[in-house]
Structure formats: structure tokens, C-alpha cells
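Trainee: Sharing a model that was predicted from the sequence below.
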Amino acid sequence: MKDYLNEINERFEIRRKPEQKTDFFNYVCQEIGQNRVKEEVLEGKHRNIVIGDIEEADVIFTAHYDTPAASLIPNLMLPANKALAMLYQIGYGVLLALLSLFIAMVADSLFEVGQAVTLLIYTALFFALFYLSTRAFTNKHNKNDNTSGVATVLSLAASNNAKNIAFVLFDNEEKGLLGSKAMNKKYEKIIKNKLVINFDCVGNGDQIIAIYKDGAQNHPLYKHFLSSLASTNSYKVTYIPFKKSLGNSDHKSFECSVGVVAAKKGRLVKFYTARLHTKKDTVASNQNVYYLAEKMQNFISKI
């Protein structure tokens, strides 16, 4: 199996600007074959990469290929602890709010700008700090998020060209799942009956988490997915209902989907995935990619 993880990480580590996405699209065409790959531009700006025929497929394997902005604090994923994940996100917002309030109050005490201007300064500071700390600067290292997911999908696509299987690499996941939402909107009538398997941040950790929606659980092919993605001596697989997880990835856009993520097991937190959206996102294992590709190949053989 080809080492897509390290090759993509070395050649296309950042996939955020239009020209970077074009270079990566050309690479996918070269690897998979021009006749099997197309760029589907949805809503005029979301450049999804499609391998195969979405309408003919029974199962669609997906991952987002765009890379994130740098964040002041890591985007900590806590897939099995919805309450703690929400508290982590809220805590960051509160921190920004307190910092903005402190600066606004100092400005008022020094210059006596008045209540209305103080409120305006506070509001402007809050949104400016949020933008600067989460959106403004390109993250330079993205091996786990989401080169690992892309490598898993390409490993499968390179060896599977059956009509009942398709692959999609989503654009603009980091801006709010926009590529996958646009795809669901376009194919809404037909995709609700297709099983969507999404890989995001699967490269770091021996705990494999599968977050499933009710629609996936009721799909006739789901039993084959369950029997294929099972625990081994090296990996523990845990299935979590979507309603009990705060896993924020493209599987959320579809009615019949499973989101797959790799995590570590901690003492205080059951499962966690760290270092995301920071320069420390440099750790991802080919062993994870090969394990998932092998298990999904087994799943495909049962369809």
C-alpha cells in the first residue's frame, strides 16, 4: 500500500489557498486517474473532489482535504464526552470575553470614553481576538488534521473502482462543513439512502471511535461495517451514538453517516485527540491509515 500519508504531508502540507487546492487536485488526478476524478464546484466556491459516481454508489467514503487556520489554543476533540467538549469551547469564549472586557475597561479608565464607546470597544475587541486566534493565520502543520483522513480515502480509492463505491474529498470543512453541506444539498434526495463513512483525524491514537447516526445504524449494509471495523490487539474500537458525541466533522452533514476518528485514552478524560490546529500537528501514523484501509477493504468485499 502506498505511503500517501507522508507523501501528501511533504508535498501538500497546506491546502488552504486556491492554488494549493488546485495543485492537490492535480495530484489526485495523477494518482487515481483523470477519467475517475472530477472537481465539483458547489455553490460557486466549494471545490469538492469526487472519485467515482455519487449517484450510482451504495457507500461513499469521505474526508476533508482543506487545512485549518492556526489556533491560539488546540482544537481539542473529546468524542465521548459531549459536556466536557462544550465546556472547553465555552471556556475559550469566556476567556476572550474577559480579556476584551478588561482592555475596554482600561481604555475607559484612562480616556473616560463613556459607556457606549466602552461597549463598542469591547465588542470590536472580542470579534477581533476571535478572528485573530482562530481564523487569521494559516496552520503550517496538518498531518493528523486531515492528511491522515485523506490518505485513508486515497488508499481505498487507488484499489477500488467498482460502480457501487464512491469517494469524496470535501472542501471548506474548516469553515463550517461547507463542502459537505453543499454536497448534501445537491444530492439530498438520493444521498439519504447511502451510507457515508467519514475519516477525520485518524492518524494519532490507538482508540478508534466510530460516531454513528440512526440512519446509518438502520442501513442494511451497516452490519457489514460493524463486523469489519472491530477491535484488534493493537486497536480498540468504540461505537458512540451521534446524539452523545460532539464530534464536529463532515459526517454531521448527512442523515446516514458514520464519523471515524482516532483518539488516545487518558486518566481523567476517556478519549481525546489533541494538537489540532496548532504547529504541533506533526504526529500521525501510517499504521493507523493501513489498519483502517484494510478494515474498509474487508467491508467493501462484503457489499
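Mentor: Cool, the structure landed.
Trainee: State the three-state secondary structure for the residue lying closest to residue 11 once chain neighbours are set aside.
Mentor: Once flanking residues are discounted, residue 11 sits nearest to residue 27: 7.2 Å by C-beta to C-beta, 6 or more residues apart in numbering. Where C-beta positions appear, they are placed from N, C-alpha and C, glycine not excepted. Applying DSSP: H, G, I helix; E, B strand; the rest coil to residue 27 yields a three-state assignment of helix.
Trainee: Then the one 3 residues further on?
Mentor: Following three-state DSSP, the label given to residue 30 is helix.
Trainee: List the residues that contact residue 236.
Mentor: Neighbour list for residue 236: 206-208, 265 [criterion: C-beta atoms under 8 Å, 6 or more residues apart in numbering].
Trainee: quick one: which of those residues is nearest residue 79?
Mentor: residue 207 (9.1 Å; C-beta to C-beta).
Trainee: What's the local residue count around the nearest residue to the closest one once chain neighbours are set aside?
Mentor: Residue nearest to residue 207 in three dimensions, not counting chain neighbours: residue 263, with 4.4 Å by C-beta to C-beta, 6+ apart. Neighbour count of residue 263, defined by other C-beta atoms under 10 Å: 25.
Trainee: now the lengthiest helix in the chain: how far from the chain's centre is it?
Mentor: Under DSSP state H, the helix in the chain containing the largest number of residues is helix 82-111. Computed by C-alpha atoms, centre = their mean, to the nearest Å, the chain-centroid distance of helix 82-111 equals 27 Å.
Trainee: Now the element after it, going C-ward?
Mentor: On the C-terminal side of helix 82-111, the nearest following helix or strand under DSSP states H and E is helix 115-134.
Trainee: Also compute the angle for that next one relative to helix 82-111, please.
Mentor: 130 degrees (axes from the mean of the first three to the mean of the last three C-alpha atoms, to 10 degrees).
Trainee: Which elements pack onto helix 115-134?
Mentor: Of the remaining helices and strands, those touching helix 115-134 by 3 or more C-beta pairs under 8 Å, 6 or more residues apart in numbering; DSSP states H and E are helix 82-111.
Trainee: mind checking how far the nearest residue to residue 114 once chain neighbours are set aside is from residue 206?
Mentor: Using C-beta to C-beta, 6+ apart and skipping the chain neighbours, the partner closest in space to residue 114 is residue 108 (7.4 Å). From residue 108 over to residue 206 the distance is 52 Å, taken as C-beta to C-beta, to the nearest Å.
Trainee: got it, and residue 231?
Mentor: 10 Å.
Trainee: And those two? Which one has more around it.
Mentor: residue 206 (16 against 11).
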